[in-house]
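Novice: my questions are about this predicted structure, shown below with the sequence.
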Amino acid sequence: FFFFKQKTAYEISLGLVGAEMCIRDRYYEKLKRFVGQTFLSLAKAVETEDGQVITPAEGAEYRCVDIGLKMNSDGAFLLMEGADGVRVEAFPIGGDEVYEFVSTARIGQLEKRYGEKYGKLIAFRKVDTGMTREMVIAAWGEPYHKSEVKKEGRTLETLRFSDNRYVELLDGEVQYVRIY
C-alpha cells in the first residue's frame with residue numbers, strides 16, 4: 001500500500017506549476033469562503049490529521065482553518081480545528097453545506113426563516129412533528145418516493161427518504177416520523 005500525506009492549500013501551492021496550479025486555484029477560490037467560519041458538529045465520523053477516526057459530540061464547535069487536497073483520494077476538504085486543538089477533515093457537499101458540520105451562519109439563516117425551534121432542527125438535519133413539508137425537505141432533501149391519499153377533504157402524504165427514513169404529513173403538517 002502507498003499512503004499519501006494530506007496537504008494544506010499552502011503546502012500544495014509550493015509544488016504546483018501550470019495546469020495543476022490553475023486547478024488548485026479554482027478549488028481554493030471556491031472553498032476559501034469557509035476559512036474562518038465557525039461550524040458545529042453533526043456527530044458524524046471524521047478523520048483527524050494523524051488518520052484516527054473520531055465522532056465529535058453533536059454541537060461541538062469547530063473553526064475552518066485551511067483547505068487541503070488529499071492525493072489519490074476524495075479531493076478537496078476543509079481542515080477544521082476544535083477547541084481542543086484537534087484538526088479534522090470535512091467535505092463540502094454543495095452550496096454552503098458541509099457533510100459533517102453545519103455553519104453557525106446557516107443555523108442563523110434557518111432560524112430566521114423557520115423560527116428558533118425548527119430552524120435548529122433543520123440545521124442539524126432532524127425532522128419532528130409539527131414541521132411543514134418545506135421544512136422536511138430543507139432538513140432531509142428531496143424524497144425518493146412520494147404518495148398521497150385524499151379522503152373527506154384531508155390529504156395524507158407519505159415521503160420516503162434514503163437511510164430508511166419516512167414521514168407522514170396530514171394536510172401539510174408532519175404527524176409521524178420514522179427512522180429505522
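Specialist: Okay, I see it.
Novice: count the neighbours of residue 35 for me.
Specialist: Residues near residue 35, counting by other CB atoms under 10 Å, number 15. C-beta here means a position set from N, CA and C on the backbone, and glycine is covered the same way.
Novice: quick check: phi and psi on it?
Specialist: phi -60, psi 130 (degrees, to the nearest 10).
Novice: what sits closest to it if chain neighbours are left out?
Specialist: Nearest residue to residue 35, sequence neighbours excluded (CB to CB, 6 or more residues apart in numbering): residue 64, at 5.3 Å.
Novice: tell me who's in contact with residue 162.
Specialist: Residues near residue 162 by CB atoms under 8 Å, 6 or more residues apart in numbering: residue 144.
Novice: do residue 76 as well
Specialist: With CB under 8 Å, 6+ apart, residue 76 has these contacts: 27, 31, 67-69, 92.
Novice: gap between the residue nearest to residue 35 and residue 166?
Specialist: Distance of residue 64 to residue 166, computed by CB to CB, to the nearest Å: 34 Å.
Novice: over to residue 48?
Specialist: 35 Å.
Novice: which of those two has more neighbours?
Specialist: residue 166 (17 against 13).
Novice: what sits up against the host helix or strand of that one?
Specialist: Assigned by DSSP states H and E, residue 166 belongs to strand 165-170. By CB under 8 Å, 6+ apart, the surrounding residues in contact with strand 165-170 are 127, 132-133, 136, 140, 154-161, 174-180.
Novice: mean confidence for the helix or strand encompassing residue 178?
Specialist: Following DSSP H and E, one finds residue 178 within strand 173-179. Regarding strand 173-179, the rounded mean pLDDT is 97.
Novice: what helices or strands is that strand leaning on?
Specialist: strand 165-170 (3 or more CB pairs under 8 Å, 6 or more residues apart in numbering; DSSP states H and E).
Novice: export the strand it packs on to PDB, keeping only CA atoms.
Specialist: What follows is strand 165-170, C-alpha atoms only, in PDB (Å, rounded to 0.1, in the frame of the first residue of the first chain):
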ATOM      1  CA  ARG A 165     -36.500   7.400   6.900                       C
ATOM      2  CA  TYR A 166     -40.000   8.400   6.200                       C
ATOM      3  CA  VAL A 167     -42.600  11.000   7.400                       C
ATOM      4  CA  GLU A 168     -46.400  11.200   7.200                       C
ATOM      5  CA  LEU A 169     -48.000  14.600   6.800                       C
ATOM      6  CA  LEU A 170     -51.600  15.400   7.300                       C
END
